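J.: my questions concern the predicted model and sequence given below.
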Amino acid sequence: MKQPEEKINNRQLFIILFMIRSTVLMSFLPVLTSADALQDAWVAAVISFFPVALLLYLICRTVQGYPDMTAVDYMQNLLGRWVGKVVSAFLIFVFLHMAAAEGRIYAAVITIDFLTETPLVFVLGTVLVLGAVAAHAGIEVIGRCADLVMPVFFIILLGSLLISTPLFADGLSNLEPVLARGFGPPLRASVVPTGAAARFLVLTMLTRTLNQPRKVLRISMASFTLSTIMLIIASLVVVVVLGPHKGARTVFPLFTMIRTIQLSEFLERVEIFAIFAWAFGTFIGVSVLLYCATKGLSQLLGLRTYRPLIGPVFLFVLTNANHTWRDLFQLRTFYHPDLYGPWVLLVFLLTVGLPYAVHVLRGSRSDHVR
Amino acid sequence: MCGRLVAAFLIIALLMAGVGCWDRRDPEMRGYVLATAFDYDPDRELYQITVQIAHVMGQIEEAHAGGNPDPGEPRPFWVLSAYGETPFHAREHLVEGTSRELFWGHNIVTVFSEELARSGLRPVLDFLERERQLRLISRPLVVQGDVRKLMEAEFPLEDTGARGLQRQITAVQFDANIFPAMFLSEVYNQLEQPGFEILIGRAEVLVADEEGGSHGEDGNDDDMVVPPVRLGGAAAFVDDVFRGWFEPDEIRGWHLVGGEHQSSYLVPSPGEEGATVGLETISEKARMYPVVEGDEVGINIELKARTRIQEYTGDHEILRDDQFIDSLRRRSAEALRADIEKTISRSQELGSDVLGLGNLIYRKKPHEWWEIEDDWDEIFPELEVNIDVQVVIKRAGLIGPPVQR
């Protein structure tokens, strides 16, 4: 008997996309730490808006052409059976790799800053198990979880940024000079946040589950715009409070910034709330990525349901997250524009550019858009 | 079945996490560091770390004794020192002398000795920044005198020395312009900014004498001061190396240019021999901008201050005499201008740009800064600074003329 199709609404997609992008960008603030933008980090955040908006447009236009299909289906439709399967397999690998990275970054901050003697694999396992359980429960459950944690996530994130406003008067000079070295440094610093938009590839698997797939572009753009605004504010606040050089040297600048805040003698040590928010964001991110990967894999393998794949995929991601990066230095190196830039360019070309180009060339858009 | 197994695993994991600390590092078993001091012995090339640790039993005894414990009773804090080849190494040696694992998350004051400052702060700054338990919201000080004595000093109004130092910094920050109160995080920011040198507040250890007064360790102070520690003045650095002291009256200009806090000053009363007027600024707004013309570099400083009369030792009808107020305003402007000049000339004398005038050029005219950056050390001592001060006297307290007979 065919199982009823799971559905999420637009609000839930909005929240999922917002959390999945904000979490990784806030974690190590790549606009500041991945290159030499220093006080112009906020410019890098602004610059990253445009390529990501274009990317979103391409993804949404392609998936809107095939609203009843996932990426695995329409890739084969557009690129032919075997090439489509290979590109789909690559896309699934990208999902798994992003899930591993998401979990690893979270585990890194926990083991570096809080539970220094806890084995990394334990923290990793905890967050990945939670993600796997949610993925097993299905996208509807993930959507409801996103509904549940979003208020806490957003309030904590905004509160963490607003709490520093009394320090603004003294620190605004840290933002000067603006663009004194031209657009080169912020352009370099915008590579990683642009690449982090690879998380929006989940749209290729989730659009089919939307109850209003026509609105996917509008919802995605709204969510992306909000996350970009938060990123701009975060980069401004960190530079103002910590200073451009100190911020750029710091492994987790947003947390260090929150640790540095002391209002009067009583309001301090509030970074634990930010960790809560991050844990929620990581949970949603990992569960959505595991869901997309296993769903895609089940389609690729011709399985009736994706659920039996959750266990093996969980182990694969756990192993990957633990062993792909030997230590924090390798993790940081991976997110350097010189390495991350070519990688995400390959990802975008294969999984977004190629299908979109074929889609346009075949002129199938007008036939399929509802 | 699978769901039940996962649920059982989660319940067990949560139960294990809830019963207490994994490594039995329970809060009551730890020693809480309240203040940390670093010293350097150049002869032995060793760093010394001295910590003030909260002594819970001592605090209970003191509470029972109403703040006046018997001399034989334990003090509310304990001071411990250790040496090492590096700051981290020294910290590791602390454990040899304590029965409890130290926790650094409540460290509120960080003290550097003059000797350490002269050899360079960088190794200690790196340790402080890298260690996860330490927070950059502690207050930095450079101590003139014996570090150990500062850490052992007792403050009559406070339970621990660290709390006493922290509150004394807050008090002096708001009530007097003689000490640059800042957080450790600001030190890092200033150290890394182009054209900026750090200025860290000075703590002077006072020694009790036989007559019940106290004096500085050099013996030159009068016996009117009785606290264990005096805060005032600051240590100026070039990069991370101590360059010289700023005296308390040389710090006023630093505050005025920063537009921070209240500033009080005395001026001779216009037309009255021997009489003075004490004024206090209500608010200040300073604006600095660089002037670069060809090879000539200069800085303009404009200060607008609103002040009030706090004290008057003459007998003039001050509220009804516009000429008197005008003259007082000019004298006030001159006094504030002199304060700023004093700070600038001391900073030029030391070659330590603690006002960040070079940083101002970098921020406002970065391309010009990059041209002169390498020569800034030679340019700064000769830098021309124009100061324009405007003062408005807004109030004269609760009375007009002073008491008359």
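T.: Sure, I can see it. Numbering: from 1, shown residues only, chains lettered A, B, ... in the order given.

J.: for the rest of this, base every contact and every neighbour count on C-alpha atoms.
T.: Noted.

J.: near the residue of chain B found nearest chain A, how many other residues are there?
T.: Closest contact between chain B and chain A, by CA to the nearest CA, is at B:Arg363 (4.5 Å). Number of residues near B:Arg363 (other CA atoms under 10 Å in any protein chain shown) recorded here: 23.

J.: gap between it and A:Pro253?
T.: For B:Arg363, the distance to A:Pro253 equals 23 Å [CA to CA, to the nearest Å].

J.: spatially nearest residue to the residue of chain B closest to chain A, not counting backbone neighbours?
T.: Spatially, and ignoring its direct neighbours in sequence, B:Arg363 is nearest to A:Pro177 (4.5 Å; CA to CA, 6 or more residues apart in numbering or on different chains).

J.: rounded mean pLDDT for whichever strand or helix holds the residue of chain B closest to chain A, please.
T.: Following DSSP states H and E, one finds B:Arg363 within helix B:357-364. Across helix B:357-364, the average pLDDT comes to 96.

J.: just give me how far that helix sits from the chain centre.
T.: 23 Å (CA atoms, centre = their mean, to the nearest Å).

J.: what bridges to B:Val33?
T.: Counting by DSSP bridges, B:Val33 forms beta bridges with B:Ile53.

J.: ok, it - how many residues close by?
T.: 25.

J.: which parts of the stretch 1-150 of chain B are helices?
T.: According to DSSP state H, counting those that start in this stretch, the stretch 1-150 of chain B carries its helices in the segments B:2-18, B:56-64, B:87-94, B:114-119, B:122-130, B:147-152.

J.: tell me the contacts of A:Leu300?
T.: Applying CA atoms under 8 Å, 6 or more residues apart in numbering or on different chains, we find A:Leu300 in contact with A:Val72, A:Lys85, A:Ser88, A:Ala89.

J.: report the separation between the last one and A:Ala99.
T.: When CA to CA is the yardstick, A:Ala89 and A:Ala99 sit 15 Å from each other.

J.: quick one, which of the two is more surrounded?
T.: Neighbours per residue (other CA under 10 Å) separate A:Ala89 from A:Ala99, with A:Ala99 holding more: 28 against 17.

J.: got the contact list for that one?
T.: Here A:Ala99 is in contact with A:Gly285, A:Val286, A:Leu289, A:Leu290, A:Val317 (CA under 8 Å, 6+ apart).

J.: equivalent analysis for A:Glu140, please.
T.: Each residue near A:Glu140 by CA under 8 Å, 6+ apart is listed here: A:Glu6, A:Lys7, A:Ile8.

J.: you'd agree the second one is up against A:Leu210?
T.: Spelled out, that is A:Lys7. Yes. Counting by CA atoms under 8 Å, A:Lys7 does reach A:Leu210; the two are 5.6 Å apart.

J.: how about the stretch 101-250 of chain A: which residue is closest to chain B?
T.: Closest contact between the stretch 101-250 of chain A and chain B, by CA to the nearest CA, is at A:Pro177 (4.5 Å).

J.: hmm, back to that, by mean pLDDT, show me the worst of the helices of the stretch 1-150 of chain B.
T.: Ranked by mean pLDDT, the helices of the stretch 1-150 of chain B end with helix B:56-64 at the bottom, a mean of 62.

J.: quick check: buried residues in stretch B:86-96?
T.: Using 16 or more other CA atoms under 10 Å in any protein chain shown as the test for burial, stretch B:86-96 gives B:Thr86, B:Pro87, B:Phe88, B:His89, B:Ala90, B:Arg91, B:His93, B:Leu94.

J.: cool, stretch A:261-277 as well?
T.: Buried, per 16+ other CA under 10 Å, within stretch A:261-277: A:Ile261, A:Gln262, A:Val270, A:Glu271, A:Phe273, A:Ala274, A:Ile275, A:Ala277.

J.: can you put these in TSV and add secondary structure, pLDDT and distance to chain B?
T.: Below are these laid out as TSV (DSSP: H, G, I helix; E, B strand; the rest coil; pLDDT from 0 to 100; distance: CA to the nearest CA, whole Å):
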residue	secondary structure	pLDDT	distance to chain B
A:Ile261	coil	83	7
A:Gln262	coil	78	7
A:Val270	coil	80	12
A:Glu271	helix	81	12
A:Phe273	helix	86	17
A:Ala274	helix	87	16
A:Ile275	helix	87	15
A:Ala277	helix	89	19
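
J.: for the residues you listed, which two are the farthest from each other?
T.: Comparing all pairs in the buried residues of stretch A:261-277 by CA to CA, the longest separation belongs to A:Gln262 and A:Ala277, at 20.1 Å.

J.: possible to save the helices of the stretch 1-150 of chain B as CSV with distance to A:Pro244?
T.: Listed next are the helices of the stretch 1-150 of chain B as CSV, based on distance: least, CA to CA, whole Å:
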stretch, distance to A:Pro244
helix B:2-18, 38
helix B:56-64, 41
helix B:87-94, 26
helix B:114-119, 25
helix B:122-130, 16
helix B:147-152, 33
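
J.: do you know how far the nearest residue to A:Thr256 once chain neighbours are set aside is from A:Leu242?
T.: Using CA to CA, 6+ apart and skipping the chain neighbours, the partner closest in space to A:Thr256 is A:Thr250 (7.4 Å). A:Thr250 sits 9 Å away from A:Leu242, going by CA to CA.

J.: look at the two and report which has more neighbours.
T.: Comparing A:Thr250 with A:Leu242 by other CA under 10 Å, the one with more neighbours is A:Leu242, at 25 against 19.

J.: and that one, what does it touch?
T.: Going by CA under 8 Å, 6+ apart, A:Leu242 touches A:Met257, A:Thr260, B:Ser185, B:Glu186, B:Asn189.

J.: show me the longest helix that occurs in chain B.
T.: For chain B, the helix reaching the highest residue count under DSSP state H is reported as helix B:322-350.

J.: mind listing what's buried in that helix?
T.: B:324-325, B:328-329, B:331-348, B:350.

J.: check which helices and strands it sits against.
T.: Applying 3 or more CA pairs under 8 Å, 6 or more residues apart in numbering or on different chains; DSSP states H and E, we find helix B:322-350 packed against strand B:241-246, helix B:252-258, strand B:264-268, strand B:384-395.

J.: low-confidence ranges in the chain?
T.: Looking at chain A here, since you left the chain open. Applying pLDDT under 70 to chain A flags residues A:1-4, A:264-265, A:364-370.

J.: chain B was what I was after
T.: Along chain B, the parts satisfying pLDDT under 70 run over B:1, B:16-24, B:57-74, B:207-226, B:260-261.

J.: right, and B:Ile325 touches B:Ile318 too?
T.: Yes. Counting by CA under 8 Å, B:Ile325 touches B:Ile318, with 7.0 Å between them.

J.: can you give me the end-to-end distance of stretch A:206-224?
T.: Stretch A:206-224 end-to-end distance (CA to CA) = 16 Å.

J.: tell me which residues of that stretch are tucked away?
T.: Neighbour counts over stretch A:206-224 (16+ other CA under 10 Å) mark A:206-210, A:213-214, A:216-217, A:219-221, A:223-224 as buried.
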